[in-house]
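Colleague: With the sequence up front, the predicted model follows.
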Amino acid sequence: MMASASSLSDDQPTIMNPQHPAITDLCEHLLSSSPNTNKRHIPLPVAAIRVLLSTIRRSRAETMMGLQAELREASQQMVDFAKRGGPVEITTDSGKTTKYVLANRSHTALTSGTHLFLKYVTRASLETPDFTLCKSQVLERGTRSAEFSLAARDRIASTASNFIREGSTILTHGRSSVVEALLLRAATVEKKRFKVIVLEGRPDAGGAKSARTYDAAGIPTVLILDSAMGYIAERTRIDMVLVGAEGVAENGGVVNKVGTFALGIVAKELGVPFYVAAESYKFTRMFPLNNADLAEIGRKEDDDSGGFGGIKFLNTLAWSGDDAENNEEGNGLERYVVDLPKSIVVENPPCDFTPAKYITLLFTDLGVLTPSAVSDELIRLYQ
């Protein structure tokens, strides 16, 4: 079973309120840093910490106990939203209303970030009994902590780029901002020459999006089907596997985009080093032993309309360029969707768990760690 030292339990019943300020704030932070804007990408846990800081600023609580209750409520609303994925209607600064969907993600990283913040608030309340002074200190230190966390990926890229060797071939999976920062630094700052093989990252094509980023930076890039990972890894001389993480468990295993576990098994079988790049705020006090211990997030797709949460299966081999043009008018791809009977249950897990035995090293902002060192670092983080 999975143990978690937390007041925000996976089993705790909650009712998500789409209009709760915490959820709207979270969506606005994430929207403002989307790839369509010029602002720097804000990781989900950092966005959550900023939301909690905003909760403190607008709070009318007169006691620390009241403020902590508001923070727990805001945290639980965000976690519940991350579990469900949305959609939530957001009105932007320009007055435009848009729907935000937090799909194909694990709530692990968000939960970890909010846990650390709530732990800090509790410790601050014990050290500083004066409510007004304590509130001011939490805001000041919390803001500094959020900014420090935002720079974590740059520290990881600076340290871990030493592992990227000239002429090497790197296999990666899905889209990770940390992995992208690491590889882009090695290629553009350190001028190293290497090749990247990227798994496509179904169903959101995360890997395909990363492949486009690497190609734009001049990195030789090969994009392959997720199902071809074993074939390519065995046929090609792979020097390392490099992935990101949604969360790092206390036992050194990682929660990441589904397919990572299978990739870890392939890497171990072929004797290829398997590296994970992850920020320390994704370290979480949970202890899953296998994938059965993960919470069920986005698994069953019972939406037969193809709406939110649904996933369509297309015969892409029969899809031509003319169909892509017609699709802009909304009538090009429907004939290639495989019509499934309602009796078929579609499972679409966003993440899986890769045990520590498949992981060689973790590249973190705390340094390069072995999986067994994660527990010690968690103790320090929660002191």
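Modeller: Here it is on my side, so go on. On a predicted model such as this, the values are computed, not experimentally measured, just so you know.
Colleague: where does the stretch 151-300 of the chain dip in pLDDT?
Modeller: 295-300 (pLDDT under 70).
Colleague: What ranges does it have for its strands?
Modeller: Assigned by DSSP state E, counting those that start in this stretch, the stretch 151-300 of the chain shows strands spanning 169-173, 195-199, 221-224, 240-243, 247-248, 254-257, 274-277, 300-301.
Colleague: Correct me if wrong: residue 108 contacts residue 256.
Modeller: No: using C-beta atoms under 8 Å, residue 108 is not in contact with residue 256; the gap is 9.4 Å. Where you see a C-beta, it was placed from the backbone N, CA and C, and this is true even at glycine.
Colleague: Identify the contacts common to the two.
Modeller: Jointly contacting residue 108 and residue 256 under the rule C-beta atoms under 8 Å, 6 or more residues apart in numbering are 246, 351.
Colleague: Next, residue 138: secondary structure please.
Modeller: helix (DSSP: H, G, I helix; E, B strand; the rest coil).
Colleague: Just list the residues touching it, thanks.
Modeller: With contacts defined as C-beta under 8 Å, 6+ apart, residue 138 is in contact with 56, 120, 121, 124.
Colleague: buried sites along stretch 63-72?
Modeller: 64, 67, 68, 70, 71, 72 (16 or more other C-beta atoms under 10 Å).
Colleague: List the backbone torsions phi and psi for the fourth one.
Modeller: Okay, so that is residue 70. Main-chain torsions, residue 70, degrees, to the nearest 10: phi -60, psi -40.
Colleague: What strand or helix carries the closest residue to residue 276 other than its chain neighbours?
Modeller: Nearest residue to residue 276, sequence neighbours excluded (C-beta to C-beta, 6 or more residues apart in numbering): residue 362, at 4.8 Å. Using DSSP states H and E, residue 362 maps to strand 361-364.
Colleague: rewinding a little: columns mean neighbour count and distance to residue 112 on top of the strands of the stretch 151-300 of the chain, output as a markdown table?
Modeller: Shown next, in a markdown table, are those (neighbours: other C-beta atoms under 10 Å; distance: least, C-beta to C-beta, whole Å):
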| stretch | mean neighbour count | distance to residue 112 |
| --- | --- | --- |
| strand 169-173 | 24 | 21 |
| strand 195-199 | 23 | 25 |
| strand 221-224 | 17 | 31 |
| strand 240-243 | 24 | 18 |
| strand 247-248 | 28 | 6 |
| strand 254-257 | 30 | 10 |
| strand 274-277 | 26 | 15 |
| strand 300-301 | 14 | 25 |
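Colleague: For those, could you give me TSV that also reports distance to residue 268?
Modeller: Shown next, in TSV, are these (distance: least, C-beta to C-beta, whole Å):
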stretch	distance to residue 268
strand 169-173	13
strand 195-199	17
strand 221-224	20
strand 240-243	10
strand 247-248	18
strand 254-257	14
strand 274-277	7
strand 300-301	30
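Colleague: Go through the ones you listed and name the closest to residue 150.
Modeller: Among the strands of the stretch 151-300 of the chain, strand 274-277 comes nearest to residue 150, with 15.9 Å by C-beta to C-beta.
Colleague: so who does residue 251 touch?
Modeller: 287, 288, 289, 355, 356, 371, 374, 375.
Colleague: where do the strands sit along the stretch 1-150 of the chain?
Modeller: Per DSSP E, counting those that start in this stretch, the stretch 1-150 of the chain carries strands over the ranges 88-91, 97-100.
Colleague: which ones are touching the residue nearest to residue 276?
Modeller: Applying C-beta under 8 Å, 6+ apart, the residues contacting residue 362 are 248, 252, 254, 275, 276, 277, 278, 368, 369, 370, 371, 374.
Colleague: which residues does it bridge with?
Modeller: Following DSSP bridges, residue 362 is listed with bridge partners residue 276, residue 369.
Colleague: and of the strands of the stretch 151-300 of the chain, who's closest to residue 113?
Modeller: Smallest distance to residue 113 across the strands of the stretch 151-300 of the chain (C-beta to C-beta): 10.0 Å, for strand 247-248.
Colleague: If you drop the residues flanking it in sequence, what lies closest to residue 213?
Modeller: Once flanking residues are discounted, residue 213 sits nearest to residue 180: 5.8 Å by C-beta to C-beta, 6+ apart.
Colleague: ugh, wrong one, I meant residue 294
Modeller: Residue 294's closest residue in space is residue 353 (C-beta to C-beta, 6+ apart), at 5.5 Å.
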